[in-house]
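Colleague: Here is the input, now give the coordinates:
(2 chains)
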Amino acid sequence: MTQSVFQQLGGFKAVSGIVMEFYERVLDSDIVGDFFDGIDMPQMIDHQTKFVASLLGGPASYTNEQLRKAHQHLSINAEQFNEICKILDGTLADQGIGPDERKFVEEEFEKRRSFIVSH
Amino acid sequence: MSLELINQRLMQSVQVGIAIINPQNPTGPIGPLDPLGPVLVFANDSFKLWFKIEDEHSLGTFLDNGQIAEIVAEPPEVIPKNIEVNAKPKRRELFLSIDISHFDINGEPFLFIEVQNQTRKKELEAMINSYAKMMERNERELKREKERAEKLLLNIMPKSVLAELKEFGVTAPTKYEDASVVMLDFVSFTEMDIAADPAAVITELNDIFTNFDRIVEQFGCERIKTIGDAYMAVSGVPEADPDHARNIAKVALLMIHYLERRNNTHKTQWLARIGIASGQLIGSIVGIHKYVYDIFGPAVNLATRMEHSAQTMNIAVCSPMKEQIEGEFEVTFKSNEEIKGFGNTDIYTLDSIIGGSIN
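Modeller: Predicted coordinates for the structure are as follows:
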């Protein structure tokens, strides 16, 4: 069995660093930060951990239908989607993730665009 | 740079919130707390940021005057005091741990406030929690998957053989000195009307073989395989069983009984011939990627020959199995035949169990 990017990066240890940093940057962003304002911290962390783990091919994975249901009421536009993509890529780069893995994550992310962007 | 300046810079830059509060307005009367409230004497950048302090005269979102009054009013032994609060300077919620101690300067009381940012710790805790739950869920799914795979494997090999395969990666062919085999085949299967409709054949055979499986299981026997319309089961493999001959005899009788009852209520008449035999056999897994557990040897061959020799809806048996079950089962002499590989053999028909029911 080939290792997932998640395992290659070192599993939880790598993901925790990414999640913390990503969480901070998303909240700081004026384009997407408001989506996460007012959400309670454990829930937010839970969301981010699963999100990052599943993008890297780790344990949690969402079906496209679950993603669509979770996002449709937020009427997310393309700019906001791109912003998250940019923040994620920046976070991964700063956490020392190589270009190949980042490209993999970006492609995984892009695949789900139509289920997230609704506006 | 003077030492004082260094101190000041240091105080401003540390990741700890530091503040000094004079709980009573120094212009007010000494004694009870002044209605004008406490005064912030000093606050570093972290403190100001966390509690949204914009000018020196306000405590921002830090404890209100009433809370400070309560702290001051408490007896000295409960100070230093620790309080945990949440703050939200921007979108991010912070978890702060506040230590309050007090000191006097010229008889005037001051509160020294030290605030540690526990957010990361709390976040990490939440993350570990979330991750652990994720792993637990995954583990449960893996376990279910494993059970499903095991169940499938148990369909093609006995439990003890699977255990051996799991432990050692291989299984050795095992010789069983004394076991019994039942072989069943349907008569004129290819000429039956239903044979023209493969889907119907499979449905009916599935129903019949499922019922045979139940019977086989009831007597602790193992179904080895089905080939087309033939069905083979064994007793005494992989665990030796002194009752193997009696078990197989009972299975054979119940199979006939089941078919008779089924034929009474169904259009398609399934007529079987059954051969049973005891003796030596070898059980082994055959194949590397496509596992099949199979049995070989004299007992298997003899059961096959008996089945060929049996009349429709009859069970054929010969020595040594006949001797093993005699006394408990009714057998009738049928014929003496030349059996390939076994020579001249007396063949008997197994009719019924003596006195009482099979179950």
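Colleague: So, low pLDDT: which residues of the chain?
Modeller: I went with chain A, as the question did not name one. A:1-3, A:58, A:60-61 (pLDDT under 70).
Colleague: wait, chain B
Modeller: Across chain B, the ranges flagged by pLDDT under 70 are B:1, B:24-37, B:56-57, B:76, B:78-79, B:356, B:359.
Colleague: what does stretch B:75-93 contact?
Modeller: By C-beta atoms under 8 Å, 6 or more residues apart in numbering or on different chains, the residues outside stretch B:75-93 that reach it are A:24, A:27-28, A:33-34, A:36-37, A:40-41, B:49-52, B:61, B:63, B:71, B:74, B:94-102, B:118-119. C-beta here means a position set from N, CA and C on the backbone, and glycine is covered the same way.
Colleague: where exactly do the helices run in the chain?
Modeller: Answering for chain A, as no chain was given. Along chain A, counting by DSSP state H, helices occupy A:5-8, A:12-28, A:33-36, A:41-55, A:64-71, A:78-94, A:99-111, A:113-116.
Colleague: My question was about chain B, not that one.
Modeller: B:3-13, B:45-50, B:65-73, B:119-156, B:159-168, B:198-218, B:244-265, B:298-309, B:321-325.
Colleague: Quick check: buried residues in the third one?
Modeller: By that I understand helix B:65-73. Buried residues in helix B:65-73, counted by 16 or more other C-beta atoms under 10 Å in any protein chain shown: B:68-69, B:71-72.
Colleague: and the residue of the stretch 151-300 of chain B nearest chain A?
Modeller: residue B:289 (16.9 Å; C-beta to the nearest C-beta).
Colleague: what about residue A:112, distance to residue A:103?
Modeller: 16 Å (C-beta to C-beta, to the nearest Å).
Colleague: Pick out whichever of those two has more residues nearby.
Modeller: For residue A:112 versus residue A:103, neighbours defined as other C-beta atoms under 10 Å in any protein chain shown are more numerous around residue A:112 (17 against 11).
Colleague: Tell me if I'm right that residue B:216 and residue B:223 touch.
Modeller: Yes. Counting by C-beta atoms under 8 Å, residue B:216 does reach residue B:223; the two are 5.1 Å apart.
Colleague: Now the common contact residues for those two.
Modeller: Common neighbours of residue B:216 and residue B:223 (criterion: C-beta under 8 Å, 6+ apart): residue B:233.
Colleague: Just want to know which of these two has more residues nearby.
Modeller: Neighbour count, other C-beta under 10 Å: between residue B:216 and residue B:223, residue B:216 has more, with 24 against 19.
Colleague: how close does that one sit to residue B:316?
Modeller: In terms of C-beta to C-beta, residue B:216 sits 19 Å off from residue B:316.
Colleague: Likewise for residue B:99?
Modeller: Counting by C-beta to C-beta, the gap from residue B:99 to residue B:316 is 93 Å.
Colleague: more crowded one of these two?
Modeller: Each of residue B:99 and residue B:316 has its neighbours counted (other C-beta under 10 Å); residue B:316 has more, 26 against 15.
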